[in-house]
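Colleague: mind folding the following:
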Amino acid sequence: MNPPNRKLKVGELRPSQLLYTYGVGAVVDLPHISAMIMGLDDWHAEQCGVVAEDRLLADVRRILGSQVERLVSPPVPLEENVGFFTPSDVRSVAGVPVAPFPRWLRCSACNLLAPLSSGLLQLQDVPGRPDLARYFHRNCNRAAKPTALPARFLVACPQGHLDDFPWLWFVHRGPDPCHGPLELRELGVSGEALDVEVRCRGCDKPPRRMSDAFGEQAERRLPRCRGRRPQLRDFEDDGCKQTARTILLGASNSWFSFTRSILHIPTASEDALLRLVERHWSVLVDVTDRAVLAFLRKRGELSAFHDASDEALWAAIDRFRSRQAPGDRPPDLKGPEWIALERMDARQQTADFKLREGEVPARWRPWIDRVLLVDRMREVTALLGFSRLRPPQDLASEDDTTLAQYAPLARRAPTFVPAAEIRGEGLFLRFSEARVRAWCDTMNDLDEEFHSAHTAWRKRRRHPFPRSSYPGARYILLHSFAHALMRELSLECGYAAASLRERIYAREPDEPFGAMAGILIYTAAPDAEGTLGGLVRRGHPDELDAHIERVLHDARTCSSDPLCADHRPEPDGTSLHGAACHACLFAPETSCERGNRYLDRSTLVRTIGSCSVPFFE
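Modeller: From the prediction side, this is the model:
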């Protein structure tokens, strides 16, 4: 990560963190500096690698526009810039650009509160030690070069805007010609807002406690949101009519990512050359003329195509590029995955997609009719935007994403978006379609209960079509089983709970690609942990039989019963789950595709007080 104006390395992040935790618009808390990840306008596209995934690219184009040309990985140093340079040399620095934020800092010695533009604060860096980069207070009268730390209060609004706390307005209780200096003092050791006081040294205004910036009355004590977008270094053109809310630096609701992810499904074409082009598309993406192929061969970048002539390779590139052109029909993300898992075509078996037929435990064959062992798989995720204060609207269907409200990643329509790819393993279970359909026919009451809560939940978020995109009882059943199985597998296979993810395939017979009733539990770790083989080994019939038995046994009771068992989806839309809580079914946010909603363990087995017929009866 590098400040955009001064080339200085200040920290390191994993590629996956730039999508889920510290993406564009998020604040990264470093040892002595808080930095804002800047927008795509400041990224160096020439230092970004290309992530080849045509199905995901088509979906991104549908949402952001046809001008998106590629998915890219975070910037990396160019080969010609790798060498022996000083740490401050521009050629030795490559990464995601950042800028210091918030711009108001507090001196750790004299409690001075001042913006970076005041000239009282100076950046100090130690060559080769980015962890020691810091701002210090110049000419402090209490210490020599004391560290200036970021002020831990900010203001944000639901439209994705973020701004420095209006310190001068707040302490002067409105517009005032006095510009300080200000002082921020902590009167106690608790760190609560009630014990934090800000006062002005330049006038006789009484000091003010930060507790006045929180609560129901804070709206009258703070100015309107200015529409500031610090990641884009601008303000919203038409301003912002929202009320700014005070948040803390590093608050979990300051940034929510809006991502789209798919599983890589290799083409089933008989043309081996086309499959090879797909695998090496990051090298061939910029080949716009046949003459470029001769140049790449001289550089040794086409060693994988030594048996193919330039004419044949150019024709294969042209065919593959035509597949990536935007189409008229919205792409289906899960449909092709379901077909690939169902068919298990030998022509699709590659280093990134390897399947084996497993054996269904005899005891569970009436409910589960197929098990697949996924030895190798690849997931690609793209970042499309973000939101603040509340997560993006619940997206039940792929068509629903056009209605999502999120903050943009760039000032102009982006030509590329950040993406990350991870490789791992998985376990696929297909449920008996006849059993699932028969069970759903008897769940009208539960279906209507969840649908009413779903409608109320979307109305609370001002969705224009509140009754649409309801996943149905089929999804609730499969989703609940997937969560229960993930919790059991995390205890046995050696993976952390956050390293397991789910992919639910739940569709009715009259929907595109026909009926689907299956779950895929897979690893999604960005390092070697995702390929240890521990999850696939749990697909052995004897072990899987024991796992399912423990899953259903544990689902019958919960340590929070009877409160958990009696919980139902709230008719006012405050919750979208039934008998489920953190002690039984809830999973880490990165593991669940629906934010721990549409869960109910009473759909699996009988619980305390349940009156419906569970699926595994």
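
Colleague: list the contacts of Val196.
Modeller: 184-187, 209-211 (C-beta atoms under 8 Å, 6 or more residues apart in numbering). Backbone N, C-alpha and C define where each C-beta goes, glycine included.

Colleague: could I get these as JSON lines with distance to Phe305?
Modeller: Below are those laid out as JSON lines (distance: C-beta to C-beta, whole Å):
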{"residue": "Leu184", "distance to Phe305": "62"}
{"residue": "Arg185", "distance to Phe305": "67"}
{"residue": "Glu186", "distance to Phe305": "64"}
{"residue": "Leu187", "distance to Phe305": "70"}
{"residue": "Arg209", "distance to Phe305": "69"}
{"residue": "Met210", "distance to Phe305": "63"}
{"residue": "Ser211", "distance to Phe305": "67"}
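
Colleague: out of these, who's the most crowded?
Modeller: Leu184 (23 neighbours; other C-beta atoms under 10 Å).

Colleague: and it, what does it touch?
Modeller: For Leu184, counting by C-beta under 8 Å, 6+ apart, the contacting residues are 106, 111, 113, 151, 196-198.

Colleague: quick one: low-confidence ranges for this structure?
Modeller: 1-8, 76-94, 267-272, 275, 278-279, 281-282, 322-331, 393-405, 525-532, 611 (pLDDT under 70).

Colleague: mind checking what secondary structure the residue of it most remote from its centre has?
Modeller: Going by C-alpha atoms, centre = their mean, the residue of the chain most distant from its centre is Asp204, 47.5 Å out. Per DSSP: H, G, I helix; E, B strand; the rest coil, the secondary structure class of Asp204 is coil.

Colleague: contacting residues around Ala213?
Modeller: Counted by C-beta under 8 Å, 6+ apart, Ala213 has contacts 153, 165, 170, 193, 221-222, 246.

Colleague: can you put those residues in JSON lines and add neighbour count and distance to Lys459?
Modeller: Output for the contacts of Ala213, formatted as JSON lines (neighbours: other C-beta atoms under 10 Å; distance: C-beta to C-beta, whole Å):
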{"residue": "Phe153", "neighbour count": "23", "distance to Lys459": "33"}
{"residue": "Phe165", "neighbour count": "23", "distance to Lys459": "33"}
{"residue": "Phe170", "neighbour count": "21", "distance to Lys459": "35"}
{"residue": "Ala193", "neighbour count": "18", "distance to Lys459": "33"}
{"residue": "Arg221", "neighbour count": "17", "distance to Lys459": "30"}
{"residue": "Leu222", "neighbour count": "18", "distance to Lys459": "28"}
{"residue": "Thr246", "neighbour count": "21", "distance to Lys459": "27"}
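
Colleague: what's the closest of those to Val292?
Modeller: Nearest to Val292 out of those is Phe165 (C-beta to C-beta; 52.5 Å).

Colleague: could you export stretch 419-427 as PDB, CA atoms only?
Modeller: Taking C-alpha atoms only, stretch 419-427 is exported to PDB below (Å, rounded to 0.1, in the frame of the first residue of the first chain):
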ATOM      1  CA  ALA A 419     -10.600  -9.500  -8.200                       C
ATOM      2  CA  ALA A 420      -9.000 -12.300  -6.300                       C
ATOM      3  CA  GLU A 421      -8.800 -16.100  -6.900                       C
ATOM      4  CA  ILE A 422      -8.400 -18.800  -4.400                       C
ATOM      5  CA  ARG A 423      -8.000 -22.600  -4.800                       C
ATOM      6  CA  GLY A 424      -9.300 -25.200  -2.500                       C
ATOM      7  CA  GLU A 425     -11.300 -28.400  -2.200                       C
ATOM      8  CA  GLY A 426     -14.900 -29.200  -1.500                       C
ATOM      9  CA  LEU A 427     -17.700 -31.700  -0.800                       C
END
